[in-house]
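A.B. asks: Next come a sequence and a model predicted from it.
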Amino acid sequence: MTIFRDQKDRIEAMNADLSGSSFVDVRLSDTVLDDVDMSNARFNNVNLSGVQIENANVEGMTIRGVLVSDLLRVYSGQR
């Protein structure tokens, strides 16, 4: 296990398995995630302002207990 503590370095991870990792008090602004499996991940106390999610499988994803797929279905129906 590698532990990064009080680091300000840019990290590039490619073809990496970071399953089971924890990120606490970490700044990821301006980060790009491409072809990433985050199934069953949990986000607590996060700032997601300005985040863009595209071409994502959101089945089973919830925000405050509400299924995102339901939210998108309702939103699409009202347009």
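C.D. replies: Nice, thanks for sending it over.
A.B. asks: Please count neighbours and contacts with C-alpha atoms only from this point.
C.D. replies: Fine.
A.B. asks: now the strands: where do they sit in this protein?
C.D. replies: Counting by DSSP state E, residue ranges of the strands within the chain are 62-63, 66-67.
A.B. asks: list the contacts for Phe43?
C.D. replies: If you count contacts by CA atoms under 8 Å, 6 or more residues apart in numbering, Phe43 has none.
A.B. asks: what's the distance between it and Val74?
C.D. replies: 24 Å (CA to CA, to the nearest Å).
A.B. asks: Same question for Val58.
C.D. replies: From Val58 over to Val74 (counting by CA to CA), the distance is 15 Å.
A.B. asks: More neighbours: these two, which one.
C.D. replies: Applying other CA atoms under 10 Å to Val58 and Val74 shows that Val58 carries more neighbours, namely 14 against 11.
A.B. asks: Need the per-residue pLDDT for that one.
C.D. replies: For Val58, the model assigns a pLDDT of 92.
A.B. asks: correct me, but it touches Ser69?
C.D. replies: Yes - applying CA atoms under 8 Å as the test, Val58 and Ser69 come out as touching, 6.3 Å apart.
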